[in-house]
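*Asks:* Quick one: sequence plus predicted model below, questions after.
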2 protein chains.
Amino acid sequence: MKTQIKNITLPDIVEEISRLETDTVLLIVDHNVWSKYSKDLPFDKIENKKIIFWKSPDGEKVKNILDFQNVIEFFLEKGIHRNAHLVAIGGGAVSDFAGFVAATILRGISWSVIPTTLLAMVDAGIGGKVAINSKNGKNLIGAFHLPNHVWICPTFLDSLPDLERNSGMGEILKYCFLEYSIYDLAVKKAPLDQIITACALYKQKLTEEDFKETGARRILNLGHSFGHALEFIYNLPHGEAIMWGMMLIFKIFGNEKNINDTKLLKAALGISAQTPPWHNKEFPIDKIMHFLSKDKKISALNSINLVLVKDIGNAYIENMSFEAIQNILENNKDELRKFTL
Amino acid sequence: MKTQIKNITLPDIVEEISRLETDTVLLIVDHNVWSKYSKDLPFDKIENKKIIFWKSPDGEKVKNILDFQNVIEFFLEKGIHRNAHLVAIGGGAVSDFAGFVAATILRGISWSVIPTTLLAMVDAGIGGKVAINSKNGKNLIGAFHLPNHVWICPTFLDSLPDLERNSGMGEILKYCFLEYSIYDLAVKKAPLDQIITACALYKQKLTEEDFKETGARRILNLGHSFGHALEFIYNLPHGEAIMWGMMLIFKIFGNEKNINDTKLLKAALGISAQTPPWHNKEFPIDKIMHFLSKDKKISALNSINLVLVKDIGNAYIENMSFEAIQNILENNKDELRKFTL
């Protein structure tokens, strides 16, 4: 199966859902999205289907095992079947969560995503990686479960807070380093719609080549091993954490051109962040190392695959021991304290 | 990937585990099996691997979301990675549960099964259907996740209680109706080892053709739609419930030859059950219909696919409305009250 990625308008949403080939639709909708857009989403007008509606709490909070259990029991109680189709409307947390529900309820039903944040449009909504969080880290309980459709409706971006916009831009920055044509769109200041579609299609292409993330897809993790640690330690928005995770990679393993490219792209994409969260503080090596050792992407007890970048469009994987990483961080910690963009 | 099914002896178990291509093995072992066989399973002698051991409570009890969460957090806490391998040792409940843990921890790691009951050797351990239970029914939260190995060690059957042996025979009876060569082994009273292997390989063959159970594999559900309802209503062992589920199918939709074949096979396999749980009682139509409507195999709101049998080796799927099933049960309820084998 291949995910259909399509740009749609707000009024198309109800239309697309009523065209799904099922008699039963399970909706998981972010409560903020619902409070802003419920009048534009008249699901009660859909006549040919049973619609079961569940409103999701804010952000990452929903990605816990209790809500997972509650929503599954709620849908089962209402009466569903294997041909039911789940539609997630919300940011990355909602699609991660809803996708894991779709992956496991009745051993898996089909699903679609309507991402409502910039981050979800270019990242979380694409590629079928779905999960909830563990006490031991983010996304540690999950599955690979491709959505049938990703419907991108840029109208949702009109009400997106700056913080969330910035966060999405962090992931777009990542794509610019992975794929020259996206870098090119960014520096030429192409319309955001166009950049979003380019990122989504690029991620989809890698996903098709390597669904279970054992090969090519792994370069999408650029900035993520350190980024997830920073996200947790400093409670940062995901995309911003990924940006600083990339900066760590560039600063320690990369070159001056990586940093200059970042500055250029940051200006072009209108990203405002300038100082890393560890600026002028003790660089948190122990916390980062502890977090890296729990990363779900590690494939042995004492090493991790890092994504490094030679140049725009030229990323590669390098397996590195935790000991070597710790040494490099120790050797660079004074310089890192001073680093700004 | 194809599951390797192999007969092994008790001392082979530690040997096979130490040969797995990983540095980390997660063990989920049934506590009864452990109390009987721990001296034969010296996992502490495995030198080349980190072994993380979790003892599973008795039977179906483990298949709940709280134990699911507990065991996942336990393994994550101990430090694991994507190349870790999980080994389940126990009956069908343990392999269902452990397989769902393997399917979801870090978005899925590889796993193997050592089934210790007759039922698990011929059914639950084979084919990668894994799940935990919901308040709304059995196995409603799960995944399809093939094990790398199924190691069948018939020694475990020496300590199997009669009740569990009988339960396994119920599933073997089902295979006899699906595949002539298994019917033939049974009526010729072939050694049990041989019948087990034939059933396991037959199920594996169907599983390969139709992993997600949308086509040929569905005939394995012979007796299961009614059987799951009976299992729940009368608290019966699974295999026995499946046998009575098949009898309902034969009695209502089948023919006299089906019933005569059952009698012949029952004697050959040494199955002792003679009267169905509803014998001389009110036949529980409402409860059965309520349960059928929640069955995870239904594919529309008002109908279900039933597996029917023309003759040995000749099963087929028939979609039937709940209304039609209810009517047929109503028309047959007096006769069903009196039915014995």
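*Replies:* Looks like it came in fine.

*Asks:* Run a quick neighbour tally on A:Asn331.
*Replies:* Other residues within reach of A:Asn331, judged by other CB atoms under 10 Å in any protein chain shown, total 10. Where you see a C-beta, it was placed from the backbone N, CA and C, and this is true even at glycine.

*Asks:* A:Ile114 now?
*Replies:* Taking other CB under 10 Å as the definition, A:Ile114 ends up with a neighbour count of 30.

*Asks:* what kind of secondary structure is it in?
*Replies:* Under the three-state scheme (DSSP: H, G, I helix; E, B strand; the rest coil), A:Ile114 adopts strand.

*Asks:* which residues touch it?
*Replies:* In this structure, A:Ile114 makes contact with A:Ile13, A:Val87, A:Ala88, A:Ile89, A:Gly90, A:Val150, A:Trp151, A:Ile152, A:Cys153, judged by CB atoms under 8 Å, 6 or more residues apart in numbering or on different chains.

*Asks:* what's around the first one, how many residues?
*Replies:* Translated: A:Ile13. The local packing of A:Ile13 (other CB under 10 Å) involves 21 other residues.

*Asks:* Check the contact between it and A:Ser38; I expect there is one.
*Replies:* No. When contacts are counted by CB atoms under 8 Å, A:Ile13 is not listed as touching A:Ser38 (11.7 Å).

*Asks:* Which residue, other than its chain neighbours, is closest to A:Thr155?
*Replies:* Taking CB to CB, 6 or more residues apart in numbering or on different chains as the measure, A:Thr155 lies nearest to A:Leu10, with 4.8 Å between them; neighbours along the chain are not counted.

*Asks:* How about A:Gly91?
*Replies:* Using CB to CB, 6+ apart, the nearest residue to A:Gly91 is A:Thr117, at 3.9 Å.

*Asks:* contacting residues for that neighbour?
*Replies:* If you count contacts by CB under 8 Å, 6+ apart, A:Thr117 has them with A:Gly90, A:Gly91, A:Gly92, A:Phe156, A:Leu157, A:Leu160, A:Glu164, A:Ser167, A:Gly168.

*Asks:* likewise A:Ala102?
*Replies:* In this structure, A:Ala102 makes contact with A:Leu86, A:Ala88, A:Gly108, A:Ile109, A:Ser110, A:Trp111, A:Val130, A:His145, judged by CB under 8 Å, 6+ apart.

*Asks:* Find the nearest non-adjacent residue to it, please.
*Replies:* If the residues on either side of it in the chain are set aside, A:Ala102 comes closest to A:Trp111, at 3.6 Å by CB to CB, 6+ apart.

*Asks:* My read is that the one you found contacts A:Ala84, right?
*Replies:* No. Taking contacts as CB under 8 Å, A:Trp111 lies outside contact range of A:Ala84: 9.5 Å.

*Asks:* Residues of the stretch 1-150 of chain A that sit close to chain B?
*Replies:* A:23-24, A:50, A:65, A:68-69, A:72-73, A:76-77, A:79, A:81-83, A:103-108, A:129, A:131, A:134-137, A:139-144 (CB under 8 Å from any CB of the partner chain).

*Asks:* Among the residues you listed, name the buried ones.
*Replies:* With neighbours counted using 16 or more other CB atoms under 10 Å in any protein chain shown, the residues of the stretch 1-150 of chain A next to chain B contain these buried positions: A:23-24, A:65, A:68-69, A:72-73, A:76, A:81-83, A:103-108, A:129, A:131, A:134, A:136-137, A:139-144.

*Asks:* What is the burial count for A:Asp311?
*Replies:* The burial metric for A:Asp311, expressed as a neighbour count using other CB under 10 Å, is 13.

*Asks:* any chance you could map the helices in the stretch 1-150 of chain A?
*Replies:* For the stretch 1-150 of chain A, the helices identified by DSSP state H, counting those that start in this stretch occupy A:12-18, A:31-37, A:65-78, A:92-104, A:118-119, in order along the chain.

*Asks:* Now render the ones you listed as a markdown table, adding mean pLDDT.
*Replies:* What follows is the helices of the stretch 1-150 of chain A, written out as a markdown table (pLDDT from 0 to 100):
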| stretch | mean pLDDT |
| --- | --- |
| helix A:12-18 | 97 |
| helix A:31-37 | 96 |
| helix A:65-78 | 97 |
| helix A:92-104 | 97 |
| helix A:118-119 | 95 |
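
*Asks:* In CSV: those, plus distance to B:Asp44.
*Replies:* As requested, these are arranged in CSV below (distance: least, CB to CB, whole Å):
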stretch, distance to B:Asp44
helix A:12-18, 56
helix A:31-37, 51
helix A:65-78, 32
helix A:92-104, 34
helix A:118-119, 47
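
*Asks:* B:Ile325 is nearest to which of these?
*Replies:* Checking the helices of the stretch 1-150 of chain A against B:Ile325 by CB to CB gives helix A:65-78 as the closest, at 20.7 Å.

*Asks:* still on that earlier bit, tell me which of the helices of the stretch 1-150 of chain A lies nearest to A:Ser321.
*Replies:* helix A:92-104 (30.4 Å).

*Asks:* related to what we said a few turns ago, can you say which of the helices of the stretch 1-150 of chain A is nearest to B:Arg217?
*Replies:* Between the helices of the stretch 1-150 of chain A, helix A:92-104 lies closest to B:Arg217; by CB to CB that is 19.2 Å.

*Asks:* just the angle between the closest one and helix B:92-104, please?
*Replies:* Calculated by axes from the mean of the first three to the mean of the last three CA atoms, to 10 degrees, helix A:92-104 forms an angle of 140 degrees with helix B:92-104.

*Asks:* And A:Phe43, how far from B:Ile242?
*Replies:* Distance check for A:Phe43 against B:Ile242: by CB to CB, to the nearest Å, it reads 40 Å.

*Asks:* Have a look at these two and say which one is more surrounded.
*Replies:* Neighbour comparison, A:Phe43 and B:Ile242: the larger count goes to B:Ile242, with 27 against 17 (by other CB under 10 Å).

*Asks:* right, and that one touches B:Gly227 too?
*Replies:* Yes. Proximity of B:Ile242 to B:Gly227 meets the contact threshold set by CB under 8 Å, at 4.0 Å.

*Asks:* Any idea how many residues pack against A:Ser303?
*Replies:* Counted by other CB under 10 Å, the residues lying close to A:Ser303 total 16.

*Asks:* roughly how far apart are the residue nearest to it when sequence neighbours are not counted and chain B?
*Replies:* Setting aside the residues directly before and after it, A:Ser303 is nearest to A:Ser321 in space (CB to CB, 6+ apart), at 4.7 Å. Using CB to the nearest CB, to the nearest Å, we find A:Ser321 at a distance of 14 Å from chain B.

*Asks:* same question, A:Glu164
*Replies:* 25 Å.

*Asks:* Helix, strand or coil: sort out that residue for me.
*Replies:* Of the three states, A:Glu164 takes helix under three-state DSSP.

*Asks:* Please apply the same query to A:Arg217.
*Replies:* Here A:Arg217 is helix, with the state taken from three-state DSSP.

*Asks:* Please name the residues that touch it.
*Replies:* Shown in contact with A:Arg217 (CB under 8 Å, 6+ apart): A:Gly127, A:Leu206, A:Thr207, A:Glu209, A:Asp210, A:Phe211.

*Asks:* same thing with A:Ile8?
*Replies:* Listed by CB under 8 Å, 6+ apart, the contact set of A:Ile8 reads A:Glu16, A:Trp151, A:Ile152, A:Cys153.

*Asks:* Show me which pair in the residues you listed is furthest apart.
*Replies:* Comparing all pairs in these by CB to CB, the longest separation belongs to A:Glu16 and A:Ile152, at 11.6 Å.

*Asks:* These two: which has the busier surroundings?
*Replies:* For A:Glu16 versus A:Ile152, the count of surrounding residues by other CB under 10 Å is larger for A:Ile152: 23 against 16.
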